[in-house]
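> Need coordinates for the below:
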Amino acid sequence: MTSLPFLAIPANPAARADRYRLILQAHLDRAETDIGQLKIPAQRGPTAQKSTRVSPQIFFQETGSTHFELPHGSLILLQGDVALLPAGMPRKERWSGADFLVLAGSFAMENLSFRFTRLERNGGRLIEAPADTFACAHSFAALRHAEELTEPQPGDAISMRLRQGLYQALLARLIQCLTPLPQLPCAGADLIDRCNEIIALSACRVDFSVAWLAGKLGRSPDHVSRGFRARTGRRIMETVHRRRIDEARRFLRESDMNIDEIGWACGFSRPSYFNYIFKRISGATPTAYRMEIKRRLQRSALGSPAGPPIAR
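Have a look, this model is predicted:
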């Protein structure tokens, strides 16, 4: 007896991506009326052991079954089920079924990765296909949907509707990330002008990334990065950081916001990274910059020399 055709994992990355899309679309269609196949283990307090996985993972059980041993119990996936495991949750897995195929997906800020795993009929040897990574402007949104789904929710009707909507949004975002972008007629100087326009308007988005920018332009991240650096001599994120620090200096001069709030407002999700980038570009920490501004204003009010100019 030969393997089912669907169980044969395509060797070509493009063919695997097509298979991923078909699977996700089937689950999205089903989720419009029922999300009973979605299984999310509860997080019931700290565990003695932590996983090194820093973001949620999703598993689509196409055939066979997977048995997850989790800190507070077990979770069994049967054909057609989907598991969304929270970040940091340790696990052990057992697989069974003469015809076994599971699709696993991992989330990151700027990309997604998918991988097929199946069991051989003879001997039960586990076979993992190569992992495929997709840089995508929608990956950050998909990550946020997955993180929100794994948070504890009450079982009332409104929460269940929210859960269904988040799950559908997550699947739709994953499909978007796997769908090739149309190549728009934007090249050379026009491409750089458009990059600069988008950076000027959107640099302070926390989810700004090269992949997100490339998605706006209908180009691949590599194409946009190479073209931008060839024309400007500067990396895209360096330009973004300089734009963010310009805004941060303005906030430090003109507002009473605290340093962490300014970092967030300017697109930095971590205060330590905001301090590092600010000092690298401005030559001083945000706190030192603000103190110097205040000293200069005091000297000016007293009629004293303001001192040498500082970065604005």
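> so what's the backbone phi/psi at His67?
phi -110, psi 110 (degrees, to the nearest 10).
> Pull the number of nearby residues for it.
Around His67 there are 13 other residues, counting by other Cβ atoms under 10 Å. All C-beta spots, glycine's among them, are computed from the backbone N, C-alpha and C.
> and it, how far is that from Asp99?
17 Å (Cβ to Cβ, to the nearest Å).
> same question, Glu292
69 Å.
> Using CSV, write out every CA atom in the lengthiest strand in the chain.
If you go by DSSP state E, the chain has its longest strand at strand 92-107. Output in CSV follows, covering the C-alpha atoms of strand 92-107 (Å, rounded to 0.1, in the frame of the first residue of the first chain):
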residue,chain,number,x,y,z
LYS,A,92,7.0,16.6,25.2
GLU,A,93,5.4,15.1,22.1
ARG,A,94,4.3,11.6,21.0
TRP,A,95,3.0,10.8,17.5
SER,A,96,0.8,8.0,16.3
GLY,A,97,-1.1,6.9,13.2
ALA,A,98,-0.1,4.9,10.1
ASP,A,99,-0.7,8.1,8.1
PHE,A,100,0.6,11.0,10.1
LEU,A,101,1.2,14.6,9.0
VAL,A,102,1.3,17.8,11.1
LEU,A,103,2.1,21.3,10.0
ALA,A,104,3.9,23.4,12.7
GLY,A,105,4.2,27.2,12.5
SER,A,106,6.4,29.6,14.6
PHE,A,107,5.9,33.4,14.9
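> in that strand, what's buried?
95, 97, 100-107 (16 or more other Cβ atoms under 10 Å).
> Next: stretch 8-25.
For stretch 8-25, by 16+ other Cβ under 10 Å, it's 9, 16-17, 19-20, 23-24.
> what mean pLDDT does it have?
Per-residue pLDDT over stretch 8-25 has a mean of 89.
> please renumber so the chain begins at 691
Right, with 691 as the first residue, what we last looked at is stretch 698-715.
> From the rest of the structure, what touches that stretch?
Stretch 698-715 is contacted from outside by 750, 752, 791, 793, 804, 806, 808, 817, 819-820, 822, 824, 861, 864-865, 868-869, using Cβ atoms under 8 Å, 6 or more residues apart in numbering.
> Output it as PDB, nothing but the C-alphas.
C-alpha atoms of stretch 698-715 as PDB (Å, rounded to 0.1, in the frame of the first residue of the first chain):
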ATOM      1  CA  ALA A 698       4.000  13.300   0.300                       C
ATOM      2  CA  ILE A 699       5.800  16.500   1.400                       C
ATOM      3  CA  PRO A 700       6.800  18.600  -1.700                       C
ATOM      4  CA  ALA A 701      10.500  19.000  -2.200                       C
ATOM      5  CA  ASN A 702      10.100  22.500  -3.800                       C
ATOM      6  CA  PRO A 703       9.700  25.400  -1.400                       C
ATOM      7  CA  ALA A 704       7.100  27.100  -3.600                       C
ATOM      8  CA  ALA A 705       5.000  23.900  -3.700                       C
ATOM      9  CA  ARG A 706       5.200  23.600   0.100                       C
ATOM     10  CA  ALA A 707       4.000  27.200   0.400                       C
ATOM     11  CA  ASP A 708       1.100  26.400  -1.800                       C
ATOM     12  CA  ARG A 709       0.300  23.400   0.400                       C
ATOM     13  CA  TYR A 710       0.500  25.600   3.500                       C
ATOM     14  CA  ARG A 711      -2.000  28.100   2.000                       C
ATOM     15  CA  LEU A 712      -4.400  25.300   1.100                       C
ATOM     16  CA  ILE A 713      -4.300  24.000   4.700                       C
ATOM     17  CA  LEU A 714      -4.800  27.400   6.300                       C
ATOM     18  CA  GLN A 715      -7.600  28.300   3.900                       C
END
